[in-house]
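Novice: Need a 3D model of the sequence below.
(3 chains)
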Amino acid sequence: MQRAALALRPMLLALVVASPVLIGVLYAALASVGVAGAGASGHVALDRVVDVLSTRSTWRAIGWSLYVSASATLLATLVAAAVAMRFGTIRRTDRAARVLATFPLPVPHLVAAATALMLFAQSGLLARVLFAVGLIDVPADMPALVYDRAGVGLILALTWKEIPFLAVVAFAVRHSEHDALSEAARTLGAQPAQLRRLITWPLLWRGMAPAVIAVFAFALGSYETAVLLAPVDPAPLAVLTMERFADPSLARRGDAYVLALVGLALAAVAVAAHEWARARWSA
Amino acid sequence: MNSTRATHAARRGVWPTLALAALAVSSLLPLLVLLLQSVGVSWRWPLLLPEAYTTIAWRAIAGAALGAAALTSTLLALATAITSVLIALPVGRALATLRTPWRHVAAALVFLPVAAPPIALGAGLQVATLQLGLGGTFAAVWMAHCVPAIGYASLLFLGVFGARDAHDEEAARSLGASRAQVWRFVLLPTLRGPIGDALAICFLVSWAQVALTLVIGGGAVRALPIEVLALVRAGQDREAAVGALLLVVPAMLALSALRAGARRTTALPA
Amino acid sequence: MSRVVMNACMLSVLAVAGLAACGGDRGDATQLTTTDELAELSALPWDSVVTRARGTRVTWRMWRGDPAINAFIDGWVAEQLRERYEITLAAVEGQGAELVNQFVLEREAGRGRGTASLVWINGETFSQMRAESLLAGPWAGTLPNSRFVDSASPIIARDFEQDPAGFESPWGAVQFALIYDTVRTPEPPRTINELADWIRAHPGRFTHDQSFTGVTFLKLLMYARGGGVETFAGGFTEERYARGRSAVFGWLDSVRGNFWRGGETYPPDVAAMHRLFANAEIDFSMSNNQHDVLNKVRQGVLPPTARALLLRDGTIANAHYLGIPFNAPNAAGAMVVADFLLSPEAQLRKLDPDVWADGTVLDVSRLSAEWRGRFTALEQATVGIPGDSLRRYARPEVAPTYHERLQTDWRAWVRGEAR
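Specialist: The predicted model follows:
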């Protein structure tokens, strides 16, 4: 009883912080079944939900968005962790590396995407360098890295955008690492390689996990990057959602809320998976 | 034997240098490209450098929408950072008192506004701000930016309060300190680092925000990223590059200053 | 202190949640609606409308995507309105689908008057705002300058075949054109058939964008290959559309493999297409405004040798309009702004390629000799496609449903879905 009462107020606070999302879910649910929003019929009908979930492009969008954001998150995590491991000391070069790695932190997604377009387009700077050294003759010779089905440009832009944030976190985790633990392991005769594998990496990964999940969710939901760099097919989930919000047919705009709920559900799954993993760790 | 060791040493010497160079290129090249784009004339295929240079886009800042937008964005981000940290501090502290199953549920709830796609979040917030009669106002956008920012900061403080022990507080309380005194003399001094981090993160959440500003601001609140997006979409690449640099450079400087000022501590819950 | 902050935050967010959850309230019934106010204003002499508008603020939601247009509105128009009527003009972003969504939400939130007093619309947006009762009116016929409007032109008097019925006032007219480079393509194709041959002879050098302009190109194909605009005039029917659709997608299927990127992907918007064109990735761009190319060359977005090109099969011309939303806070101010924008002075200035190059909606023969002379002089001075060619190849819009269906079916086609 006592414990339940103690938990009540903090839980209410957490609910309050989450409430805008919950209101969003509520409104999106109403709009999904045709009770609210543009072109709403006013009575409950599930045909919109069925329609969206039975469309091929919806599933392709989900799959492709998951692929792009997972690839970018993985790459950014690896780079950030490697940088934190490699440049963790107080040496001057290491400090310079830390500054460089975290320097682009405030660059918004939008700017990252616009810059990626300038660099990676078939007539972009990379292509012009290849032209200058005689490797290609016309823009069409350049491999397609933007608006491409493999999503290379988009993945690179997202990776580049997320490295600084993950690097900041990785450095902070390394900094606060329990030296006592490494010290104890060392006195017990652990080799540097063992130390890294058994202590440093696991601690780093645990420390970075929330940020990694946040980055993954961010990449998944990011619209500006996707709309500037993604192909028309498969369309990323965020682009498909906005496309439906602005659908020329009013009757189809409610589809956007179904897609928004799908996006929210994916984010919620990521968050739940993360908390579940943490619960297991702390147990 | 000796030569192998020398090669080893050389390799150890080469790789970090290469990595450092790669980092430098990756971090600085995009900025250099933006800078060239902001002053370049007729920078078309296959030119490696612009045909000519002009400062017209930079000179236009003062009179143009970009200047006003930069001001709007600064105010918005400062307001968001301060409000969010003020709210998230007690929230994070309260959540840290929870025990295991509840703490994870609460953390997941607080994580939701951080992870939810802005498009999905925007729909709910738009209805709410219109209900309050704040549609398309600065205040509405400010509130909207606070939503993910509070989520971030609460998570951060949850981590910070979860990791520290409450002995100092208890000691102070048992010596007769009031609640306000505990905050002022015990908590805040040791929290300077995390508060600095939280302010920086919340500032950036607002500073780079596009989707929420567009949806909630209804086009009327012209923050800097909105102007830049409009310029990119209008094909005005030179002006867009100026806007992008305005978005990036002051934020980098402010962030460096803040980080230099605050003592480094854990940036997120470990 | 922490408890105060906590409680305040909790209360405020819960209040928002509660308010949002109860929704659906249609506002204060005792308040005069914008439509009532417009009816009242329409009965008044114009001077009284101007008096009521004096010293007020008008928020205008419009497309803000072109710096030339923004400079015209924020500069000259805003100054004139301030000097003549002491009206403060605030032009803010908002167009098309986004406008409709916004006003639907404002109606659902039911907070009496909204934020915008004027909107820039046409075609499907007009049709949707009318269908959802989001426009106030009628009012356009009471503007003094409406007597100069070219009401005989099918392109101005009908908005995608819809009768504006006084719920929107015309203020500009444009015509679709391809854009090509006279150096790269000295002998451009002049018809849809020639274009198809050209595309096959130059693989990877042609595309269209995914936005409104691209769909206008598809509609142009529909007219040219589906039996002319007459086939589709007089409202939407499934049978006619089925015919038009097979004409459009038949043509696309026959050339898609030779499109830029093999027709796998398309530039997201006109700006992206202009970028591809300027960087010689493709040899054609397009625009809904035949004079846009002059503007873009001056801004340095397009190379100086870029020119507009009309296809002889006919190109689509349409007008754009101003509407007053159902919850406009300042109906009188909106009317005065709309009237000013119809004035010969504003129309002439907007027509100038150095300003915007937006076509006039006025019938120049109804103007005084002095104004007539100025319009003729400007038309003669304008380089680019001569006025009589424009008129000869101009084709009106058809019902907006054609546009909607082409957009939807094109997306399904490009994504390999059944349609």
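Novice: Please enumerate the strands of the stretch 51-200 of chain B.
Specialist: In the stretch 51-200 of chain B, the strands defined using DSSP state E, counting those that start in this stretch lie at B:52-53.
Novice: So which residues on it come close to chain C?
Specialist: By CB under 8 Å from any CB of the partner chain, the residues of the stretch 51-200 of chain B that approach chain C are B:65, B:86-87, B:89-91, B:93-94, B:124, B:126-133, B:135-136, B:179-180, B:183. All C-beta spots, glycine's among them, are computed from the backbone N, C-alpha and C.
Novice: among these, which ones are buried?
Specialist: By neighbour count, with 16 or more other CB atoms under 10 Å in any protein chain shown, these hold B:65, B:86-87, B:89-91, B:93-94, B:124, B:126-132, B:135-136, B:183 as buried.
Novice: Among those residues, which lie within helices?
Specialist: B:65, B:86-87, B:89-91, B:93-94, B:124, B:126-131 (DSSP state H).
Novice: and chain A, which of these contact it?
Specialist: Near chain A, judged by CB under 8 Å from any CB, the entries from these are B:Pro90, B:Val91, B:Ala94, B:Gly124, B:Val127, B:Ala128.
Novice: need the contact list for whichever residue of the stretch 251-400 of chain C sits closest to chain A.
Specialist: The nearest approach of the stretch 251-400 of chain C to chain A comes at C:Asn279, 3.5 Å away (CB to the nearest CB). Neighbour list for C:Asn279: A:Ala121, A:Ser123, A:Pro139, B:Arg44, B:Trp45 [criterion: CB atoms under 8 Å, 6 or more residues apart in numbering or on different chains].
Novice: Keep those, but drop any that are not near chain C.
Specialist: A:Ala121, A:Ser123, A:Pro139, B:Arg44, B:Trp45.
Novice: what are the phi and psi angles of the fourth one?
Specialist: The reference is to B:Arg44. When read as degrees, to the nearest 10, the backbone of B:Arg44 gives phi -120, psi 160.
Novice: Contacts only, for it.
Specialist: Going by CB under 8 Å, 6+ apart, B:Arg44 touches A:Ser123, B:Glu51, C:Ala278, C:Asn279, C:Ala280, C:Pro303.
Novice: isn't there a strand covering the first one?
Specialist: No - membership of A:Ser123 in a strand is not supported by DSSP: H, G, I helix; E, B strand; the rest coil, which gives coil.
Novice: Point out where chain C drops to low pLDDT.
Specialist: Scanning chain C for pLDDT under 70 picks out C:1-31, C:111, C:418-419.
Novice: Check the burial of residue 124 by counting its neighbours.
Specialist: Unless you meant another one, I'm taking chain A. A:Gly124 sits with 23 neighbouring residues when counted by other CB atoms under 10 Å in any protein chain shown.
Novice: Wait, chain C was what I had in mind.
Specialist: 25.
Novice: excluding its backbone neighbours, what's nearest it?
Specialist: Closest residue in space to C:Glu124, ignoring its immediate chain neighbours: C:Pro400 at 4.0 Å, by CB to CB, 6 or more residues apart in numbering or on different chains.
Novice: How about the contacts made by that neighbour?
Specialist: Contact analysis of C:Pro400 by CB under 8 Å, 6+ apart lists A:Pro248, C:Gly123, C:Glu124, C:Ser127, C:Phe160, C:Gln162.
Novice: which other residues reach the helix or strand containing the fourth one?
Specialist: It stands for C:Ser127. With elements taken from DSSP states H and E, the one containing C:Ser127 is helix C:123-131. Residues from elsewhere that reach helix C:123-131 (CB under 8 Å, 6+ apart): A:38, A:248, A:250, C:95-97, C:99-100, C:103, C:119, C:121, C:134-135, C:159-160, C:162, C:164, C:167-168, C:318, C:321, C:323, C:325, C:397, C:400, C:403-404.
Novice: how about the helices of the stretch 251-400 of chain C, start to end?
Specialist: Here the stretch 251-400 of chain C has its helices, by DSSP state H, counting those that start in this stretch, at C:270-278, C:292-299, C:331-342, C:344-351, C:369-381, C:387-393, C:400-414.
Novice: that's a strand at B:Pro50, yeah?
Specialist: No - per three-state DSSP, B:Pro50 lies outside any strand segment and is coil.
Novice: which ones are touching residue 152?
Specialist: Here I'm looking at chain A. A:Val152 neighbours (CB under 8 Å, 6+ apart): A:Phe120, A:Leu145.
Novice: The intended chain is chain C.
Specialist: By CB under 8 Å, 6+ apart, the contact list for C:Ala152 reads C:Asp363.
Novice: can you tell me the helix or strand for B:Leu36?
Specialist: Using DSSP H and E, B:Leu36 maps to helix B:2-39.
Novice: for C:Gln210, that is, sorry about that
Specialist: Per DSSP H and E, there is no helix or strand for C:Gln210.
Novice: burial measure for it, as a count.
Specialist: 23.
Novice: which non-adjacent residue is nearest it?
Specialist: Counting by CB to CB, 6+ apart, the residue nearest C:Gln210 is C:Tyr266, at 5.1 Å.
Novice: mind checking how far that neighbour is from A:Val152?
Specialist: C:Tyr266 sits 18 Å away from A:Val152, going by CB to CB, to the nearest Å.
Novice: Also A:Ala84?
Specialist: According to CB to CB, A:Ala84 and A:Val152 sit 26 Å apart.
Novice: Equivalent analysis for C:Thr305, please.
Specialist: Applying CB to CB, the value for C:Thr305 to A:Val152 is 33 Å.
Novice: Take the contacts of helix C:123-131 and keep only those in helices.
Specialist: Checked against DSSP H, these include these in helices: C:Gly96, C:Ala97, C:Leu99, C:Val100, C:Phe103, C:Pro400, C:His403, C:Glu404.
Novice: Can you show me the helices along the chain?
Specialist: Picked chain A for this. Shown for chain A, the helices assigned by DSSP H span residues A:2-32, A:47-53, A:56-86, A:92-102, A:109-120, A:125-132, A:152-176, A:179-187, A:192-195, A:201-221, A:224-229, A:237-245, A:255-282.
Novice: if you could check chain B rather than the one you did, that'd help
Specialist: Under DSSP H, chain B gives helices at B:2-39, B:56-59, B:65-96, B:100-115, B:118-131, B:138-163, B:167-174, B:179-181, B:188-190, B:192-207, B:211-217, B:224-233, B:237-261.
Novice: do the fourth one and chain A meet at all?
Specialist: Which is helix B:100-115. Yes - contact of helix B:100-115 with chain A (CB under 8 Å from any CB) involves B:100-102, B:104-115.
Novice: So for that helix, mean pLDDT?
Specialist: Averaged across helix B:100-115, pLDDT comes to 89.
Novice: What is the distance between it and the centre of its chain?
Specialist: Centre-to-centre, helix B:100-115 and its host chain are 21 Å apart (CA atoms, centre = their mean, to the nearest Å).
Novice: List the buried residues in it.
Specialist: For helix B:100-115, the neighbour count (16+ other CB under 10 Å) marks B:102-115 as buried.
Novice: Next up, the contacts around B:Leu204.
Specialist: The contact partners of B:Leu204, by CB under 8 Å, 6+ apart, come to A:Leu105, A:Pro106, B:Ala77, B:Ala251, B:Leu255.
Novice: Excluding chain neighbours, what is closest to A:Arg278?
Specialist: A:Arg278 sits nearest to B:His104 (CB to CB, 6+ apart), 6.5 Å away.
Novice: Just the closest of the buried residues of helix B:100-115 to A:Ala267, please.
Specialist: Closest approach between these and A:Ala267, by CB to CB: B:Ala115, at 4.1 Å.
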